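> 3D, please:
(chains A and B)
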There are 2 protein chains.
Amino acid sequence: MAFNKRVKIKTILDESPVGKEVTLMGWVRTKRSNKNVSFIALNDGSTITNYQIVADPTIISEDILKKCATGACLKVTGTVVESQGAGQASELNAISIQVLGEADPEKYPLQPKRHSLEFLREIAHLRMRTNTFSAVFRVRHALAFAVNKYFNDKGFFYIHTPIITASDAEGAGETFKVTTLDLKNPPLTKDGDIDYREDFFEREANLTVSGQLEGELAAMALSEIYTFGPTFRAENSNTARHLAEFWMIEPEMAFYDAEDNQDLAEDFLKYIIQYALDNCGSDLEFLDKRLAEEEKGKPQDQRSEMGLVEKLKFVAENEFVRLTYTEAIDILRNSKPNKKKKFAYLIDEWGADLQSEHERYLVEKHFKKPVILTDYPKEIKSFYMRQNDDGKTVAAMDILFPGIGEIVGGSQREERLDVLTQRMEEMNIPQDEMWWYLDTRRFGATPHAGFGLGFERMVLFVTGMSNIRDVIAFPRTPGNAEF
Amino acid sequence: MAFNKRVKIKTILDESPVGKEVTLMGWVRTKRSNKNVSFIALNDGSTITNYQIVADPTIISEDILKKCATGACLKVTGTVVESQGAGQASELNAISIQVLGEADPEKYPLQPKRHSLEFLREIAHLRMRTNTFSAVFRVRHALAFAVNKYFNDKGFFYIHTPIITASDAEGAGETFKVTTLDLKNPPLTKDGDIDYREDFFEREANLTVSGQLEGELAAMALSEIYTFGPTFRAENSNTARHLAEFWMIEPEMAFYDAEDNQDLAEDFLKYIIQYALDNCGSDLEFLDKRLAEEEKGKPQDQRSEMGLVEKLKFVAENEFVRLTYTEAIDILRNSKPNKKKKFAYLIDEWGADLQSEHERYLVEKHFKKPVILTDYPKEIKSFYMRQNDDGKTVAAMDILFPGIGEIVGGSQREERLDVLTQRMEEMNIPQDEMWWYLDTRRFGATPHAGFGLGFERMVLFVTGMSNIRDVIAFPRTPGNAEF
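Prediction:
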């Protein structure tokens, strides 16, 4: 008595089996009726396209048809026939309709009209039933699969690095604490500090900010690995670019230098974008139109020069620009907005950290292409990045995308024990806690490199959405942990 | 000046390009020398098989050869020649060897001898460099990829459900708290309770124990989805089967009933096991031998009847047994160990919860096959499981595997709002907090079902390892959050 004898709408659209009797199940998007016929647009989430159900009131009772309101869930059996109208090849002449679950039009929040993205965020449990969000999450799925496929095909191994960690080398205090202590009455040491020896892990623990350090350990055994997991920042920033919980992809490769790292990152980014282009046609087409519509509301000078699909193709098909931080500083120093003092942070001296406005200038105005910026001053980068021979810069890279800014950050790692420990000392990184990290420099060290891609930023780029809360199912931000 | 011009050992083994000059990079596993020649077994993690480097001391200096100790990292350029010895088709005549990183034999913990799994757990940052662990983590990768491929090919969408949640419907108190409050000096309400309005999420938050409830929300829009992410239990159990942090796969499908759910779960489990058989040949062969070796140390009656690969083939190729809880109770009540009072928990009455000893009896002694147990008494199962017409049982299923016990737990979900809320009331589940979950029963409800697979238990089964801490890179257990 299996129930699932339906055919997916995506399959029906692909195959158009005219003359065949099939059963569809899905949710009503809209219904139009006159006294001779009802047209029901049914969607089952398998594709953005609704399938048209044609219901003859002499066959389907008025009582049933009344219940086929927006949001109701139906089981429809009927015959596939060639479509009379334009737009799709076939439609279904209903023989029977069973209402699996009603949706009271007085109470159901999703009515067939435009809802604001802000409103839909409040009902994140239902928003995947809209065209926009179902498209976003299908694209997100395709991108995630592309990530796994890319690395699998290249012989990389997926490593699940720990979510709960005791090391805070990178966290700089912006981590979430993880505890089972009674917060109202925590155990104290005789000095009056929290006695973490009584906690679950018998030490202070927090949520990971990156799997990189553990990823390096795995790369020193399996050569090429990647992580794909959640990471966390307890940063109190309420912006369209920040989440407290987000997914990161962090490949780490033994035997790669900085240039190998750049080559891999560029190839990887192009691959997953091309994969979306090849596998998400109808969703991207819809999102392209959505974005174009949205841009109409913006002043001319803030609109994108390219449409969404055009932009994706452009990035997939063109070489990224590669230049050093030093070269970028020269360009920025001599740029119009710098000379006319339009930048909020004027670029004056070598060593300045680049702000989002500078990154955007380089990518969107100067080069009009994705940019790989390399060899940053060591002072503004992490302790584990490999020092260049100039003694001033490190073999870092940031990849900057139009409209997104930094989408990838990476580096060749410092594999020389003496250079690494000296840098850790200078930066007050505790070496005791990191004995295991240093061991990989003590035993069988090798040049190696890696990078991190913020997955949601990639989904943002590919879907053309503008708020990062709209590309993850249930966003976590300050004050928000609903659902 | 890209560095990564090497060929992977897996590729060399597959292609044996005799006569070609190639560069390999990897770590020394062993070295045997006499005065005419040194043989170095090199491994780069791409495969379990070492590649033999033949070094002529008239070509490679004594000084270099001395540094080629176990654990050292080498870059070797040489000519591929047909192998003189047995075991592999080709080997490399070294033209030059560069020692990328040494490993002092006095200090390097991994020497070419058998180390205990317990010792290796202490050095989890290095254990992936051993045969056993590199095999385990390559198999783990293959299984993870198989999971994604299976669902992608079937049109399921991967959903990242939240890691930090405010709902504790399933947690029953065994959750980790997530906070940014100052534990030493937390803000208090005027009643003296912790004032969570001051915390990052402005409410109490914890680590998820399951993505199911959020997965259901997505299935009510996209039809067929799955999650694959970390889940957490703050359970103080130090066993070979429990982790505080583990990865779960949770598919959730609209339009599936209990039988559809069972069919999918069985098909899925067989697929990923077959995928490992097809893609991890040499690793499984090694793990098969390792297990056979380990079993030799056990008393005769505790040894497995089948070898590892034999067992995997058996599971992939044979139908699982399906029976109801009620039928299982009958079998158990009349079983020899029950009559002879050998069970620690004797089966007397319908309604008893099954213990591991009962599950193992059914799977390992009675049926000698994986078992799908269905239709459990509602009292021993979760609130969201669909009630059967008998009023006593729910449409639950547990899948039991030999040597593992429960590997999958699932059910058809209760889609009837009135039945669900009545059950929540009986079980004291707060309905206010779960408004979003109940909404999916208010609007467009439909029969649906899903299940959860503990990923590490599957890796345990496929690799034949016996402790779950040996199948995740950096295990988290009470008192352990190192690395």
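
> For the residue of the stretch 101-250 of chain A found nearest chain B, list each beta-bridge partner.
Proximity of the stretch 101-250 of chain A to chain B (Cβ to the nearest Cβ) peaks at residue A:101, 3.1 Å away. Backbone N, C-alpha and C define where each C-beta goes, glycine included. Assessed by DSSP bridges, residue A:101 has beta-bridge partners residue A:73.

> contacting residues for it?
Shown in contact with residue A:101 (Cβ atoms under 8 Å, 6 or more residues apart in numbering or on different chains): A:72, A:73, B:415, B:441, B:443, B:444, B:445, B:446.

> do the same with residue A:282
Contacts of residue A:282 (Cβ under 8 Å, 6+ apart): A:47, A:48, A:49.

> is it possible to export those residues to TSV including secondary structure, distance to chain B and pLDDT?
Shown next, in TSV, are the contacts of residue A:282 (DSSP: H, G, I helix; E, B strand; the rest coil; distance: Cβ to the nearest Cβ, whole Å; pLDDT from 0 to 100):
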residue	secondary structure	distance to chain B	pLDDT
A:47	coil	9	98
A:48	coil	11	97
A:49	coil	14	96
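
> in the stretch 351-483 of chain A, what residue is nearest chain B?
Counting by Cβ to the nearest Cβ, the stretch 351-483 of chain A gets nearest to chain B through residue A:445 (3.2 Å).

> ok, now which ones touch residue A:326?
So residue A:326 contacts A:350, A:375, A:393 (Cβ under 8 Å, 6+ apart).

> isn't the first one right up against residue A:329?
Yes - using Cβ atoms under 8 Å, residue A:350 is in contact with residue A:329, at 5.5 Å.

> Comparing these two, which residue is more hemmed in?
residue A:329 (19 against 13; other Cβ atoms under 10 Å in any protein chain shown).

> Next one: that one from residue A:381, what distance?
15 Å (Cβ to Cβ, to the nearest Å).

> can you check residue A:370 too?
Taking Cβ to Cβ, one finds residue A:370 at 20 Å from residue A:381.

> same deal with residue A:270?
From residue A:270 to residue A:381 the distance is 25 Å (Cβ to Cβ).

> if we can go back for a sec, who's more crowded, residue A:370 and residue A:381?
Neighbour totals were compared for residue A:370 and residue A:381, and residue A:370 leads with 24 against 19 (other Cβ under 10 Å).

> ok, the closest residue to that one other than its chain neighbours - contacts?
The shortest distance from residue A:370 to any non-neighbouring residue, by Cβ to Cβ, 6 or more residues apart in numbering or on different chains, is to residue A:320 (4.4 Å). Contacts for residue A:320 (Cβ under 8 Å, 6+ apart) come out as A:266, A:369, A:370, A:371, A:372, A:399.

> Give the next helix or strand downstream of the lowest-mean-pLDDT helix or strand in chain A.
Lowest by mean pLDDT, DSSP states H and E among the helices and strands of chain A is helix A:356-360, with a mean of 93. Next along the chain after helix A:356-360, taking DSSP states H and E as the criterion, comes strand A:371-377.

> avg pLDDT for that next one?
Per-residue pLDDT values over strand A:371-377 give a mean of 98.

> repeat for stretch A:7-27
96.

> Please export the C-alpha coordinates of it as PDB.
Below are the C-alpha coordinates for stretch A:7-27, written out as PDB (Å, rounded to 0.1, in the frame of the first residue of the first chain):
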ATOM      1  CA  VAL A   7       5.300  11.400 -11.200                       C
ATOM      2  CA  LYS A   8       7.300  14.500 -10.500                       C
ATOM      3  CA  ILE A   9       6.400  17.600 -12.500                       C
ATOM      4  CA  LYS A  10       9.900  18.000 -13.700                       C
ATOM      5  CA  THR A  11       9.700  14.500 -15.300                       C
ATOM      6  CA  ILE A  12       6.300  15.200 -16.900                       C
ATOM      7  CA  LEU A  13       7.700  18.400 -18.400                       C
ATOM      8  CA  ASP A  14      10.800  16.700 -19.600                       C
ATOM      9  CA  GLU A  15       8.900  13.800 -21.100                       C
ATOM     10  CA  SER A  16       5.400  15.100 -22.000                       C
ATOM     11  CA  PRO A  17       3.900  11.600 -22.100                       C
ATOM     12  CA  VAL A  18       0.800  12.600 -24.100                       C
ATOM     13  CA  GLY A  19      -2.100  10.100 -23.700                       C
ATOM     14  CA  LYS A  20      -0.700   8.500 -20.500                       C
ATOM     15  CA  GLU A  21      -2.600   8.500 -17.200                       C
ATOM     16  CA  VAL A  22      -0.500   9.800 -14.400                       C
ATOM     17  CA  THR A  23      -0.800  10.900 -10.800                       C
ATOM     18  CA  LEU A  24       0.800  14.200  -9.700                       C
ATOM     19  CA  MET A  25       1.100  15.500  -6.100                       C
ATOM     20  CA  GLY A  26       1.900  19.000  -5.200                       C
ATOM     21  CA  TRP A  27       0.700  22.400  -3.900                       C
END
